[in-house]
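Trainee: using only what follows, build the 3D model:
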Amino acid sequence: MPSRVHTLACIGGALVDRVVTQGRATLTLGGVCTNLARHFLSLGLACELHSCVGTDAHGDRVRAWLEEADLPHKLHIQQGSTGEVYLAYGANGHLEETFCDTALLDALRAHDARPWLPFLADKTTWIMDTDLPESFLEALLEEAPQDTKLYLTTVTPEKTRRIPKDLSRVDALFLNAGELRFAAECGDNLEKGARMYLARGASYVFVTEGAKGAWCFTGHASHFEAALAFTRPLASTHGAGDAFTAGAIAHMTQNPSVYENALKAGMLRAKEHLDRLNPCLHTA
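Mentor: Numbers count the residues shown, from 1 in each chain. All right, here's what the predicted structure looks like:
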């Protein structure tokens with residue numbers, strides 16, 4: 001076993017986002033774990049992105065963007081097309097349409113995790129997203145060294161089906177309210193849905209509820225943190241959920257038992273992200 005370093009390994013999609021806002025389309029670096037890695041880097045935390053890309057032009061774009069961002073990474077190159085996500089936002093800043101093509105990641109199986117493990121073994125914290133298939137995630141959870149902090153975050157309602165059945169090694173699961181309602185069929189009873197994952201072994205379940213705020217559920221308690229209100233409608237909310245997750249995880253790497261403060265840290269990071277995204281807005 002190599003000596004372990006206090007580095008966050010972000011394991012998941014490195015994708016091309018095609019973002020359409022008020023009729024204008026832009027290509028940008030995307031993927032939930034890629035977004036988290038960029039947040040961690042800006043927060044001054046040591047991190048490394050682990051993903052796979054194809055041998056196409058999008059793969060070249062992803063590699064160039066990562067180099068430009070000076071983001072440490074290990075990309076596994078495979079034949080095929082790099083994933084792309086289409087995101088269309090309305091004038092009110094809400095996501096109106098989305099679809100994705102992540103066939104390269106979808107094809108990964110448990111045995112495909114083996115070449116990744118030597119590059120992960122010395123990292124103390126692993127953050128994984130559900131752009132990776134269930135069997136691949138299960139292999140990572142099974143092979144992670146026993147003292148590794150393990151976090152799992154979802155990417156879409158449909159891909160909540162990839163959450164492994166055994167979550168006994170997962171320190172915290174992150175998902176939004178829509179994903180939780182889809183996965184647990186819990187309606188507005190988010191606590192009921194969260195407790196399904198707690199019963200499967202997760203230590204904490206964090207659930208974001210958009211402009212309302214976010215919840216943290218544990219085996220014995222629940223806590224809600226309200227979001228900060230904005231004085232005008234947001235032009236875009238793109239990436240706010242990832243910003244929350246990054247802020248909460250960054251706090252938990254320092255204070256793993258104080259989940260209420262992790263909620264506050266997540267909300268603060270989401271606010272900072274939205275302030276940068278909507279520079280003409282002011283908070284109430």
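Trainee: quick check: closest non-adjacent residue to the spatially most central residue of the chain.
Mentor: Residue closest to the mean C-alpha point of the chain, counted by CA atoms, centre = their mean, is residue 32 at 4.1 Å. Of all residues not flanking residue 32 in the chain, residue 129 sits nearest, at 4.2 Å (CB to CB, 6 or more residues apart in numbering). From N, CA and C alone the C-beta is placed, and that goes for glycine too.
Trainee: ok, the one you found touching residue 15?
Mentor: No - using CB atoms under 8 Å, residue 129 makes no contact with residue 15, being 10.5 Å away.
Trainee: tell me, what's touching those two both at once?
Mentor: residue 31 (CB atoms under 8 Å, 6 or more residues apart in numbering).
Trainee: got the contact list for the residue nearest to residue 32?
Mentor: Neighbours of residue 129 in contact, by CB under 8 Å, 6+ apart: 11, 12, 13, 31, 32, 33, 152, 153, 154, 155.
Trainee: list just the nearest of those residues to residue 176.
Mentor: residue 154 (7.6 Å; CB to CB).
Trainee: which stretches in the stretch 1-150 of the chain count as strands?
Mentor: Taking DSSP state E, counting those that start in this stretch, the strands of the stretch 1-150 of the chain run over residues 5-11, 15-21, 24-30, 47-53, 73-77, 84-89, 95-101, 123-129, 149-153.
Trainee: dump the ones you listed to a markdown table, plus distance to residue 63 and mean pLDDT.
Mentor: Output for those, formatted as a markdown table (distance: least, CB to CB, whole Å; pLDDT from 0 to 100):
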| stretch | distance to residue 63 | mean pLDDT |
| --- | --- | --- |
| strand 5-11 | 16 | 90 |
| strand 15-21 | 11 | 90 |
| strand 24-30 | 10 | 91 |
| strand 47-53 | 7 | 97 |
| strand 73-77 | 7 | 96 |
| strand 84-89 | 15 | 88 |
| strand 95-101 | 19 | 85 |
| strand 123-129 | 19 | 97 |
| strand 149-153 | 23 | 97 |
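Trainee: make CSV out of those strands and add distance to residue 107.
Mentor: What follows is the strands of the stretch 1-150 of the chain, written out as CSV (distance: least, CB to CB, whole Å):
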stretch, distance to residue 107
strand 5-11, 16
strand 15-21, 15
strand 24-30, 19
strand 47-53, 10
strand 73-77, 12
strand 84-89, 15
strand 95-101, 12
strand 123-129, 16
strand 149-153, 20
